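Peer 1: Let me see the structure of the following:
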Amino acid sequence: MSTRTLALPLEPAARSAGLRRERMLASSRYWNGRFHNTARVRPGLEGPPLPLLGEWFFGDAERIPRRPLPLVSPLASWARPAETGLRVTWLGHSTVLLEMGGVRVLTDPVFGERAAPLRFAGPRRFHAVPALLRELPPLDLVLLSHDHYDHLCRDTIEELARGPVPFVTSLGVGAHLERLGVGPERIHELEWWETTTLAGGRLAVTATPAQHFSGRGLSDRNATAWSSFCLEGGGRRVFFSGDTGLTEEFREIGARRGPFDLVMLEIGAYHPAWGKIHLGPENALTAFDWLGGGTLLPVHWSTFSLALHAWDQPADHLIELAGKSGQRVVTPRLGAVTELERVAGPDAWWRG
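Peer 2: Numbers count the residues shown, from 1 in each chain. Predicted structure coming up:
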């Protein structure tokens with residue numbers, strides 16, 4: 001066991017200095033050395049802990065699939081250009097290859113085996129990644145919402161650091177990226193409602209509000225920021241939630257940046273005890289409505305066991321609710337390269 005394996009995840013981004021530190025201090029959400037949610041929502045558990053312990057030790061939810069999940073290889077499809085100008089490949093959890101107007105964006109890339117600080121312990125993925133990182137087509141941007149291990153994967157970032165791709169992320173997260181080998185000139189850290197333009201002016205990315213928290217170690221809780229993001233390019237608009245609970249700020253995002261062709265919202269790893277910092281299916285559909293509708297692609301499920309519900313319960317419940325409300329939801333198979341305008345509705349592939 002190397003010293004590096006143990007020490008690196010515990011280095012707090014609160015040690016940010018220079019211009020990065022100045023920008024963090026200038027944020028209206030940053031005081032007492034920490035970032036805060038607009039609604040003063042804290043990440044702690046709500047309610048008594050004993051029922052949670054009972055669910056953890058005695059609950060009968062099937063948190064891990066009984067059989068291997070079906071995967072689709074995207075390689076042949078990636079070799080052909082998108083025909084409609086907007087194409088998505090869900091690679092698991094919150095990792096999506098988004099192609100819009102010829103620009104390729106990779107969201108919250110996690111290609112490692114575990115969503116944890118150690119390589120030998122912690123939540124392990126249910127399925128292989130449908131394509132290896134080196135098999136991806138050339139990227140124009142890596143979008144990174146916050147610093148939790150199931151979104152910022154050390155092994156993945158170290159491999160991406162060896163290439164030229166730029167990163168857009170939340171305030172303070174760049175300190176993690178630099179420690180993992182990404183050059184500072186490739187890092188764009190945004191405060192909420194700030195916009196940066198990349199890919200020769202073909203893509204505009206705006207950081208927008210989210211209700212969550214951050215931290216990778218024992219002493220850096222909320223030392224970096226968290227964000228959702230709006231992307232505009234090729235005549236298309238896409239929203240990516242990162243991790244978030246339900247916040248009225250979604251109404252403002254929809255009014256200022258919508259309508260969206262595609263809305264990617266997290267639906268998994270939810271529970272009433274932490275219901276203000278994760279959406280879950282019901283709140284995801286409410287957020288989808290507040291954002292202005294369009295097409296919803298659910299993410300943040302089916303790859304890691306991070307909660308107490310059955311692994312497929314979020315998707316089952318989501319399409320049941322959406323079927324009653326008439327909201328448009330698509331659930332492509334893992335690795336399937338999907339032109340959204342050619343998909344009629346959800347595919348319940350997980351039901352076997």
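
Peer 1: Pull the number of nearby residues for residue 46.
Peer 2: A count of nearby residues for residue 46, using other CB atoms under 10 Å, gives 12. For the C-beta atoms, the positions are set from N, CA and C on the backbone; glycine is no exception.

Peer 1: per-residue pLDDT, it?
Peer 2: On the pLDDT scale, residue 46 is placed at 80.

Peer 1: what secondary structure does it sit in?
Peer 2: coil (DSSP: H, G, I helix; E, B strand; the rest coil).

Peer 1: Can you tell me, leaving aside adjacent residues, what's nearest to it?
Peer 2: residue 273 (5.4 Å; CB to CB, 6 or more residues apart in numbering).

Peer 1: The one you found: what secondary structure?
Peer 2: helix.

Peer 1: My read is that it contacts residue 43, right?
Peer 2: No. In this structure residue 273 lies outside contact range of residue 43 using CB atoms under 8 Å: 11.1 Å.

Peer 1: Start and end of stretch 240-254, how far apart?
Peer 2: 12 Å (CA to CA, to the nearest Å).

Peer 1: That one - what's its average pLDDT?
Peer 2: Mean predicted confidence for stretch 240-254 is 98.

Peer 1: quick one: buried residues of stretch 204-218?
Peer 2: Across stretch 204-218, burial judged by 16 or more other CB atoms under 10 Å covers 204-217.

Peer 1: For that stretch, list the C-alpha coordinates in PDB.
Peer 2: Once non-C-alpha atoms are left out, stretch 204-218 reads as follows in PDB (Å, rounded to 0.1, in the frame of the first residue of the first chain):
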ATOM      1  CA  ALA A 204     -20.900  28.000 -24.300                       C
ATOM      2  CA  VAL A 205     -21.000  26.500 -20.800                       C
ATOM      3  CA  THR A 206     -22.700  28.300 -17.900                       C
ATOM      4  CA  ALA A 207     -22.500  27.100 -14.200                       C
ATOM      5  CA  THR A 208     -25.800  27.200 -12.500                       C
ATOM      6  CA  PRO A 209     -27.200  26.500  -9.000                       C
ATOM      7  CA  ALA A 210     -27.400  23.100  -7.400                       C
ATOM      8  CA  GLN A 211     -28.200  22.100  -3.800                       C
ATOM      9  CA  HIS A 212     -25.600  19.600  -2.600                       C
ATOM     10  CA  PHE A 213     -22.200  19.500  -0.800                       C
ATOM     11  CA  SER A 214     -18.600  18.600  -1.400                       C
ATOM     12  CA  GLY A 215     -15.600  16.900   0.200                       C
ATOM     13  CA  ARG A 216     -13.100  14.100  -0.400                       C
ATOM     14  CA  GLY A 217     -11.500  13.700   3.000                       C
ATOM     15  CA  LEU A 218     -12.000  14.200   6.800                       C
END
